[in-house]
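Chemist: build the 3D model from these lines:
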Amino acid sequence: MALVDTGSAKDAGVRLSEAMPGDYFALLKPRVMSLVVFTALVGMVAAPATLNPLIALIALLAIAVGAGASGALNMWYDADIDRVMSRTRQRPVPAGRVTPGEALAFGLVLSFLSVMTLGLLVNWLAAALLAFTIFFYVVIYTMWLKRSTPQNIVIGGAAGALPPVIGWAAVTGQVSLESVILFLIIFLWTPPHFWALALFKSGDYERAGIPMMPNVAGAASTRRQIFAYSTIIAPLGVAPWLLGYVSAGYGLSATALGAGFLWYAWQVLRMGDDDRAMKPAKALFAYSILYLFGLFAIYLTDTIVMRLVSGGV
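Modeler: Numbers count the residues shown, from 1 in each chain. Okay, the predicted model is just below:
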C-alpha cells in the first residue's frame, strides 16, 4: 500500500503555512458535501416526525462538517496519488498550499466537533452513524479498499449512501425501511456513476496505481457491469412509490429518470473499445448526477406536498 510522502510533509511542516481560507474550504470537498447535505435533508423531511427548526439546522450543519472532515482526511492520505492525477493535482495538499499535517489536524478536529455536536444536541444514534460514516470513508475506503481492490467503489459507496439514514435518525432516533431504501438507491447508484468516470479517466487511475474496474477487468467488462447495475438502480428508484412512501407523481418521474439512466447505460454498453472520445461514458457520468439529484428533489417535493394535502404540515 502506498503511503503519503512523509519526507515532504516534514519539509513542509517547518515553513509558514501558505494556505488561504479558500484552500481549507476546498479540503471539505464542497461539491460532495452539498450532495451529502441534500440527501440528509431528504431523510430528515421524509421522517414521520419533526425537529425544532434550530435543532434541525444544527443537525444538518453537523452532518455537513462531518462530510467535510472526511474529505479533508481523504486528501491528507491520498496526497501522493492526487499529485499524479490530472483531475486532483491542483487540490490544496498536492499543490503545496496546505501541508499534510494541517489537513490531518483540520480533518480530525472537524470529525470530533461534528460527531459531538450531533450527539449532544440531537441524538447519539445519529452521531454514531456519522462517526461510522467518517471512519468507513477514511479508513475502510481511503486507506484500504481504494488501493487494494477494483470493488473499492462498490463497498466504499456505503459511506456516501448513509446521509439520508443519518438525517432520518436525527429526527426519529431510529432507522426504518424507508431510510434503508434511500440508502440502497445511493449505494447502487455509486458504481455505475464512478465506473463511467473511470472509463474516460483510466489513464489517471493507471498512473496512480488505483485498481479501478477498467484498469483491472478491462473496459468491456466495466461496461457490462455498468449496465447490470443500471438495470437494478432503475426499478429500485421506483420502489418508494411501490411501497407507498410517496405518490404516483414520484413513481412516474422516477420511472422516466430510470429509463433515461438505462438508455445512457445502453449507449455505454454499445460503445467500442476504440472509442477514444468516450462520449457515451461522459454522458452517463453527467446524467447520473442529474438522476440522483432529480430523484431526491422529487422525493423531497412529493413528501412536502403530500403532507400539505393531508394537513400534516
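
Chemist: what packs against the helix or strand encompassing Ile155?
Modeler: Counting by DSSP states H and E, the element that carries Ile155 is helix 152-161. In this structure, helix 152-161 packs against helix 30-46, helix 177-200, with contacts taken as 3 or more CB pairs under 8 Å, 6 or more residues apart in numbering; DSSP states H and E. The way it works is simple: take the backbone N, C-alpha and C, and place the C-beta from them, glycine included.

Chemist: go with 6 Å
Modeler: The elements that helix 152-161 packs onto, with contact taken as 3 or more CB pairs under 6 Å, 6 or more residues apart in numbering; DSSP states H and E, are helix 177-200.

Chemist: tell me what the helix or strand following the helix it packs on is packed against?
Modeler: As assigned by DSSP H and E, the chain's next helix or strand after helix 177-200 is helix 202-208. Taking 3+ CB pairs under 6 Å, 6+ apart as contact, the helices and strands that helix 202-208 lies on are helix 213-216.

Chemist: and the next helix or strand past the helix it packs on?
Modeler: Next along the chain after helix 213-216, taking DSSP H and E as the criterion, comes helix 219-242.

Chemist: roughly how far apart are Ala234 and Asp302?
Modeler: Taking CB to CB, to the nearest Å as the measure, Ala234 falls 18 Å from Asp302.

Chemist: any low-confidence regions in this protein?
Modeler: 1-17, 274-277, 312-313 (pLDDT under 70).

Chemist: domain map for it?
Modeler: Domain assignment for the chain, taken from automatic domain parsing, gives 23-175, 191-313.

Chemist: centroid-nearest residue for the protein?
Modeler: The residue lying closest to the centre of the chain (CA atoms, centre = their mean) is Gly160, at 3.6 Å.

Chemist: now it: how far from Met20?
Modeler: Distance of Gly160 to Met20, computed by CB to CB: 28 Å.

Chemist: for Leu188, same thing?
Modeler: 39 Å.

Chemist: more neighbours: which of the two?
Modeler: Leu188 (19 against 12; other CB atoms under 10 Å).

Chemist: in space, what's closest to the more buried one - neighbours in sequence excluded?
Modeler: With CB to CB, 6 or more residues apart in numbering as the criterion, Leu188 has its nearest non-adjacent residue at 4.9 Å, and that residue is Ile233.

Chemist: cool, and Tyr287?
Modeler: Tyr264 is the one closest to Tyr287 (CB to CB, 6+ apart), at 4.9 Å.

Chemist: residues near the one you found, how many?
Modeler: 24.

Chemist: same question, Phe136
Modeler: Residues near Phe136, counting by other CB under 10 Å: 19.

Chemist: report the contact partners of it.
Modeler: Residues in contact with Phe136 (CB atoms under 6 Å, 6 or more residues apart in numbering) are Ala159.

Chemist: measure it to Ala208 for me?
Modeler: Taken as CB to CB, the span from Phe136 to Ala208 is 22 Å.

Chemist: and for Phe106?
Modeler: For Phe106 relative to Ala208 (CB to CB), the value is 23 Å.

Chemist: again, but for Met116
Modeler: 35 Å.

Chemist: comparing the two, which residue is more hemmed in?
Modeler: Ala208 (20 against 13).

Chemist: hang on, the more buried one packs against Val84?
Modeler: Yes. Judged on CB atoms under 6 Å, Ala208 makes contact with Val84 at a distance of 5.2 Å.

Chemist: with adjacent residues omitted, what lies nearest to Tyr250?
Modeler: Asp302 (4.2 Å).

Chemist: which elements pack onto the helix or strand where the one you found lies?
Modeler: For Asp302, the host element (DSSP H and E) is helix 279-310. Here helix 279-310 touches helix 30-46, helix 177-200, helix 248-270, going by 3+ CB pairs under 6 Å, 6+ apart.

Chemist: that'll do, ta.
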